[in-house]
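Enquirer: pasted the sequence and its predicted model underneath.
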Amino acid sequence: MIDQNLLESLSSSDKESFAKGLKELITQTYEVEKEFVELKALFEEVLDVLPTAVWVLEQEGTIFYQNSLASEIPELLEKLDLSQNNRQEIELEAFGEPKVYLVQSNQKLNKLIISATDITSEKRRERLASMGQISAHLAHEIRNPVGSVALLASTLANRVELKNKTLVLEIKKSIWRVERIVKATLLFSKGVHCNKAKINPQSLEEELNEALNYYTYSKNINFLFHFECDSFEADFDLLCIVLQNFLFNAIDAIEESEEEKGIVEITCIKDSQNAIFRIYDSGKPIENPEILFEPFKSTKLKGNGLGLALSLQIIEAHGGTISLMKGERKGFEILIPQFLN
């Protein structure tokens, strides 16, 4: 409060100067308040666009502030143990899938500030690295005895009676399948390196037909291979692995379907920029497209979860892409860029 007697004792000019100064002070106060409101709004907007959930809690645990991401995962705050240290990893189901969050908390100005960062991808990479190392070790351990069994099977095939040759053939098919898994595991663990050269599509078709002799299936399946381009550039051995993976996946999908017969069709064409492969099958629909290319995840009864993951790695090493096609027919499209004249 301003002393009334003091005001009355002032001269007119002093009163005018005082009023002018007071007006300036009030104006500055409004400007400071306006700037504070604008900074507060800007601060909240910045917090809202962060890829991190942020809560500010009162001492009794009530929410003083939370950004948009925090408001979408209230269950994380419910799982947080505030009696623990200020750094925790919490797993929960969020946005329709399992998530892992790194939660950190700090005490400031009688309030608890909590941040939660989604580290699901980092944890997945760590798990994949560990699984890859273990798989590579197992693959090396398996390779030697499998080689011995393969040699013995070949020797047995030359000595066994004709009526038992079918059994030996089944042994050789099983060995071939194990060898493919071992090779795929080592490739996936060590990384893919392409040696590109011109490929005659007819050679690919011959490899696919040869691979069918080693793959076991029980249903009547019609295989249609239409390779209509003259030549293209790719790594032959790696591309054979990719096409075999898709071929065998298609066979397995038909085997798991309710139909007694099916069709697998692989086409290859070439435009000015890409060699284009399309693989169709009439088998069981894809249950979860989101995990198609995730390593060590498979919905197939016979799957090990590496086929499509390795195929994607190989095609990406070529600079290409693999996509699930939309439409009435179930199919995949593989694009391999072409740089040869």
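Expert: In hand now; what should we look at?
Enquirer: pLDDT below threshold where in the stretch 151-300 of the chain?
Expert: Across the stretch 151-300 of the chain, residues meeting the criterion (pLDDT under 70) sit at 296-300.
Enquirer: which residue ranges of it form helices?
Expert: 165-190, 201-212, 236-255 (DSSP state H, counting those that start in this stretch).
Enquirer: burial count for the closest residue to residue 238 other than its chain neighbours?
Expert: Nearest non-adjacent residue to residue 238, counting by CB to CB, 6 or more residues apart in numbering: residue 314, 4.7 Å away. The way it works is simple: take the backbone N, C-alpha and C, and place the C-beta from them, glycine included. Residue 314: 25 surrounding residues under other CB atoms under 10 Å.
Enquirer: got the contact list for the residue lying closest to residue 229 once chain neighbours are set aside?
Expert: Leaving aside its chain neighbours, residue 229 sits nearest to residue 270 (3.7 Å; criterion: CB to CB, 6+ apart). With contact taken as CB atoms under 8 Å, 6 or more residues apart in numbering, residue 270 is in contact with 229-230, 232, 276, 338.
Enquirer: of those residues - the most surrounded one?
Expert: residue 232 (24 neighbours).
Enquirer: is it true that that residue touches residue 200?
Expert: No. Counting by CB atoms under 8 Å, residue 232 stays clear of residue 200, with 9.2 Å between them.
Enquirer: closest one to residue 216 out of the contacts of residue 270, please.
Expert: residue 276 (30.2 Å; CB to CB).
Enquirer: quick check, residue 146 in contact with residue 180.
Expert: No. The pair residue 146 and residue 180 fails to qualify as a contact (CB under 8 Å) at a distance of 10.8 Å.
Enquirer: tilt between the helix or strand harbouring the residue nearest to residue 238 and helix 236-255?
Expert: Using DSSP states H and E, residue 314 sits in helix 307-317. Relative orientation of helix 307-317 versus helix 236-255 (axes from the mean of the first three to the mean of the last three CA atoms, to 10 degrees): 150 degrees.
Enquirer: who does the helix or strand following helix 307-317 touch, helix- and strand-wise?
Expert: If you walk from helix 307-317 toward the C-terminus, the next helix or strand you reach (DSSP H and E) is strand 321-324. Here strand 321-324 touches helix 307-317, strand 331-337, going by 3 or more CB pairs under 8 Å, 6 or more residues apart in numbering; DSSP states H and E.
Enquirer: the ones you listed: which one's closest to residue 53?
Expert: That would be helix 307-317 among the helices and strands packed on strand 321-324, by CB to CB, at 30.3 Å.
Enquirer: so what's residue 269 up against?
Expert: Counting by CB under 8 Å, 6+ apart, residue 269 has contacts 228-229, 275-276.
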